[in-house]
Every structure is written in structure tokens, then in C-alpha cells.
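> here you go, sequence then predicted model.
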Protein chains: 2
Amino acid sequence: MSAADGVLLADWGTTNLRAWRLDRVGKVAARADFALGVARLTPGEAAARFESEVRPALAAQDLPALLCGMIGSTLGWTLAPYVDCPASLESLAEGLSSPAPGVRIVPGLRGPGLIGPDVMRGEETQILGWLAADPARLSGVHTLCLPGTHAKWVRVEEGRLIRFVTAMTGELYDLLGAQSVLRFAGPPGPIDLVAFDAGVAAAADGGALAARLFGLRGLTLNGGLAAEAAPSWLSGLLIGAEIAALQPGFATRTGAAVHLIGATRLCGLYARALAAKDVSCEIADGEEAVLAGLTRIWSAIA
Amino acid sequence: MSAADGVLLADWGTTNLRAWRLDRVGKVAARADFALGVARLTPGEAAARFESEVRPALAAQDLPALLCGMIGSTLGWTLAPYVDCPASLESLAEGLSSPAPGVRIVPGLRGPGLIGPDVMRGEETQILGWLAADPARLSGVHTLCLPGTHAKWVRVEEGRLIRFVTAMTGELYDLLGAQSVLRFAGPPGPIDLVAFDAGVAAAADGGALAARLFGLRGLTLNGGLAAEAAPSWLSGLLIGAEIAALQPGFATRTGAAVHLIGATRLCGLYARALAAKDVSCEIADGEEAVLAGLTRIWSAIA
């Protein structure tokens, strides 16, 4: 087969791998998820497991492949060197690495950050997909937020990724809920919106986080917050603190929406916390965005 | 034996137990440490281990005992109900619980906190000890800071504990260094003061902590910070953020010192971070303070 027969695209992250086979006209012909994130790989086994597990599952043994995400880090297949901000479809496509014949990896992105260089791997591809979904997005100035383990706030201008800042909001939630004095009594249930809103309100200006976090202990011991509501309150506090600290610096103009890209449920919580600050937003699905981004890069080089 | 023969005093915390036997004139006749913190106790075994391990090691089988710390929590021997701020030697002594004949436990302290009720167990005894060490401390207004896993900032007025706020600075340092994307490559070595100072400076106004934390990853990947210096930078960032967020609200008047009570090395780092903000401080040893506090409470009730 050749490139004209289709392509294997994959978002290969820290915990999961999601892959698609596109047919010769660019239509999704197969899709599969694998619990094969780079954190689960032993050193040097990425190539073998890609060949023996991913390609067969998608009936894509001989197709060219384009991968993005942490697979391009030192933990992954090969180090795909960072491209610097400001970055574009063109500079990211030029920065592709090839760890094996017919396999290409999207570079990560490096930018000035808040207190030093900041980095992303995978989100740059989602952003290219978001840009590709509507030609109007290629002009003007936009604020994007990609919630998650390492949430990204990104400034896009005239189709280029100008700067970004990462907040480890999701990782703090997971760590604190699992192992700290604030650890949850059991798996979090459905979100309690009253507790979530109270957490957002407690975040105030985004400061004194280490003290506001301990406030949760006082609230559950003596403040009338039910233990089952603690995960929702913690989520609200951390998301509220992130928004209070970062949204103002990324705001483009009064009334401009924040474009949220990610999982629907998490984006919904960010939208709620943003609404509490009178900031509107639009939500784009993260899986659709990464597939669109990989497709866009592929079409630029194929 | 009776109370006139001496007393067994103990600071029984989450991870360790430190005990002293005072003789009949109040002099320390024995001292011992035990890796027997309440986190290591199975439910209900505090009494038996106290009798079988602690009392014999101090040759204090029949002496009255006074304990403080997490042993008074639901994880410990018995729940010693909180005393509320404002609190004094008298109200804390009146609030003693007795889980067994001849054994008394100092109550914890509850105050208004930053966003709801805040709590401490053990630090109130250190503060009574600090007050007892110098009669001049019983008048006027003082700002105290007790660094640690759950650092406390405390306002003392006319010998009474008025209000306090807890920051989980030490616990965040331990969690992030052990298990997050920022985890250390190995055990932290000696403090790197240049990296510590850079972390303090990066804390700025105490805001955007989740983003500034991720900044450490960028600094080590692309910003020229050596991996061995990362623990010192993280310590500086977290201590700096705590001080930036809490010290202003506890300042009494221009030029007034912060009284640090705790382990010498950690207090030294707080003193350095405070000096960077032109705040002076005085350091008191935490072990001496808790022994003096237990002694003071005992002399009030014996």
C-alpha cells in the first residue's frame, strides 16, 4: 500500500493511545483505544507494540502513520524536538520527526510561559484541528483553554500559536484526592454543583491556594460540608483558582469567549466557573479536535 | 507513685511520638522517640501500645500522663473535642480529655480560618510553651508561624490565641516531589540556596500556584535548572507562596518580627524567604516549645 491507500493517525498520550485509520478519501474507516500510554511502556518497546498491537487492530499494517502526544517525549518512541512559539501549521509540519520508515511524530511546542519556558505535547495538534474546523478562526485573536491533567491556556493570533501557560490543575486534583489529608472517602460520585460553586467562590483571586486547600478539611470536619461533596468542592476550588489566575492575562477583549477544547464533562465545569466570572465560552470536543489536527497536518505533507 | 513523683509528657503526632519523664522537681529525667505516630496505629490500640511500649521505655509505669497532638483526633486514642478561639492556657487546660485513669489529652484548637473553620492539634501546646518562655510575650500582639506539613500562621494577643490559618505547604512538597510530574530524581540533597531564592522569587504574589508549579518542569527541561536543584526551587516556590499569601494578613505593625517555631533547618528557610520581603524573624525550637507547653499545662492542673 502507499499513502494513497490511507493513513493511520494516533493521539498517543501519557495514559492512553487512540488511533484511527482514514481511507483513501479521508474518511474514518476504523478507530480503536489502547491502554498503552507512554507511562506504561518499558524503554524501547514503543516500536514493537505499535507494530504488533496498534497496526493489526486497525488493519493498517502497511500504511503511513502520523502520531502526536507524549510519544514524542523522552518517555516515548523517539524525542521529537520542540518547535518554538509563535508556531503555525507550517512550522509544526516542518518539525515532524521520523522514528521509523513511514512513521512521523508531531513535535511538541515550547513557549515563554509564566516564569520560564513552558511546554506542551499533543495540545498543539488539537489546536490545529480547532483552527481547521472554521476558516474564520484563522484570523483575529482567540483565547483557548484545554482543561485536563495539565491544563493549557493559549493565545492564538492570525492562525498562529503565540504563547501559552500550563496549570497542573488535574494532576493536583488527582494527587490530593487520592493521597493527601484531603483524600476522598471513596470514588467521586456525580458532581454536586452547589459544592462545586462554593469551591469556585472560595478560590477568590486565585491566591493562597495551599491555605484554601486546607480549608476543605475544616469545612468537612466543622463546616457542614458532607464528605461526599468534598470532591466537587475541591474541583471547584482548583478550577476556580486556575481561571482566576490565568484567564485575565489571556483575555482578548471584553465579551470575547474562551474556547474550551476537551472532554465534554470537564469543559462543562470550566464553562460554569467562567460564567460565574461573566466570561462566556464555546466548547469543542477534544477527540474531534485532535483527529482534525492530525488530518490537517497529514494533508499538508501527504 | 503519685503526681508528686513526676509526670510523663508526650507529643504524639501523625508520624512520631516523643515523650519525656519529668522528675518531682520538674527536671527532664528521661526522653525517648517512637516511630508510633497515630497514622501507624490500628484502631483501638493506642492504649495498649502506650502502656506496653511508651511507659516502660521511660520508666514511667505509674505516673500521670499528659499528651498533645493527633492522639486527640479520631485517628488517635480518644476524641479530645476542640476548644474555640480565642483560647488561653486556662481554656485549653479546662478542655483536657481523659481517655483512661491518670491520662489526659490536650484539646485541639478551632478558629475562624481563611474560608471556614480551621483546626490544629499540637501546635497550640507549642504556642503555650513559647508564651511561657518569656513573660513579655504575654502582653501585646504577636505573629507566629509554625512551619511543617501543615504550616500554621497564628495571631496571639495578650497571651491568647486569637485566630490562625493553615497552609498545607509541607504536604504539597512531599506529594509533588514523590509522585507528580515534578517528582525528584532521587532524595533531595543539601539545600541549593540559589535555586531556593529563585523559587521564592517565582512565587511573586502567591497567586497562580498550579501554573507556577508546572513552571518547574519547563525550567528543568529547557530553562537551565539542574535536576538536583529542583527540590530546592520547589521548596522556595511553596514557602514563598505561603508567605506572600498569608504574612501580610498576619502582620501586626511595620518592623514587627515573625516568631518562627519549629525545626531549625526549616525555620531557617522561612527566615530567608521572609528576609527577601524585608520581614525579620526570631526562631524558637519546636521541641523545646512543645515540652515547655506540656510542662506549663501540667503545672496549671497538678
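Alright, I've got the coordinates.

> from residue B:77, how far off is the residue of chain A most remote from its centre?
Computed with Cα atoms, centre = their mean, the residue of chain A farthest from its C-alpha average is residue A:222, at 36.7 Å. As defined by Cβ to Cβ, to the nearest Å, residue A:222 lies at a distance of 20 Å from residue B:77. (Each C-beta comes from the backbone N, C-alpha and C, glycine too.)

> tell me how many other residues surround the closest residue to the residue farthest from the centre of chain A other than its chain neighbours.
Distances taken as Cβ to Cβ, 6 or more residues apart in numbering or on different chains place residue B:117 nearest to residue A:222, at 4.0 Å, with adjacent residues excluded. Residue B:117 has 19 neighbouring residues, counting by other Cβ atoms under 10 Å in any protein chain shown.

> next: residue A:121.
25.

> what's the answer for residue A:237, then?
By other Cβ under 10 Å, the residues close to residue A:237 number 29.

> ok, now residue A:248?
Residue A:248, neighbours per other Cβ under 10 Å, totals 12.

> same deal with the one 5 residues further on?
Number of residues near residue A:253 (other Cβ under 10 Å) recorded here: 7.

> and residue A:263, by the same measure?
Neighbours around residue A:263, by other Cβ under 10 Å: 15.

> and the pLDDT for it?
Listed pLDDT for residue A:263 reads 96.

> same check on residue A:37?
For residue A:37, pLDDT reads 93.

> again, but for residue A:3
With respect to pLDDT, residue A:3 has a value of 53.

> next, the buried residues of stretch A:104-114.
Residues of stretch A:104-114 classed as buried by neighbour count (16 or more other Cβ atoms under 10 Å in any protein chain shown): A:104, A:105, A:106, A:107, A:108, A:109, A:110, A:111, A:113, A:114.

> pLDDT score assigned to the last one?
This points to residue A:114. Taking residue A:114 on its own, its pLDDT is 91.

> in the stretch 51-200 of chain A, which spans are helices?
A:55-57, A:89-94, A:123-132, A:169-179, A:193-203 (DSSP state H, counting those that start in this stretch).

> tell me which of the ones you listed sits most buried.
The highest average neighbour count among the helices of the stretch 51-200 of chain A, using mean count of other Cβ atoms under 10 Å in any protein chain shown, belongs to helix A:123-132 at a mean of 26.

> if we can go back for a sec, chain B next: which of the buried residues of stretch A:104-114 are close?
Applying Cβ under 8 Å from any Cβ of the partner chain, the subset of the buried residues of stretch A:104-114 adjacent to chain B comprises A:110, A:113, A:114.

> mind putting those residues into JSON lines with distance to residue B:23?
Shown next, in JSON lines, are these (distance: Cβ to Cβ, whole Å):
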{"residue": "A:110", "distance to residue B:23": "66"}
{"residue": "A:113", "distance to residue B:23": "60"}
{"residue": "A:114", "distance to residue B:23": "58"}
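
> can you put the helices of the stretch 51-200 of chain A in JSON lines and add distance to residue B:144 and mean pLDDT?
Formatted as JSON lines, the helices of the stretch 51-200 of chain A follow (distance: least, Cβ to Cβ, whole Å; pLDDT from 0 to 100):
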{"stretch": "helix A:55-57", "distance to residue B:144": "62", "mean pLDDT": "97"}
{"stretch": "helix A:89-94", "distance to residue B:144": "53", "mean pLDDT": "98"}
{"stretch": "helix A:123-132", "distance to residue B:144": "44", "mean pLDDT": "98"}
{"stretch": "helix A:169-179", "distance to residue B:144": "26", "mean pLDDT": "96"}
{"stretch": "helix A:193-203", "distance to residue B:144": "25", "mean pLDDT": "97"}
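
> okay, those helices in CSV with distance to chain B next?
As requested, the helices of the stretch 51-200 of chain A are exported to CSV (distance: least, Cβ to the nearest Cβ, whole Å):
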stretch, distance to chain B
helix A:55-57, 29
helix A:89-94, 17
helix A:123-132, 13
helix A:169-179, 5
helix A:193-203, 5
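
> of the ones you listed, which is nearest residue B:88?
helix A:193-203 (30.2 Å; Cβ to Cβ).

> ok and the next helix or strand after the closest one relative to helix A:193-203, angle-wise?
Following helix A:193-203 in sequence order, the next helix or strand is helix A:209-222 (DSSP states H and E). Put simply, helix A:209-222 runs at 140 degrees to helix A:193-203, going by axes from the mean of the first three to the mean of the last three Cα atoms, to 10 degrees.
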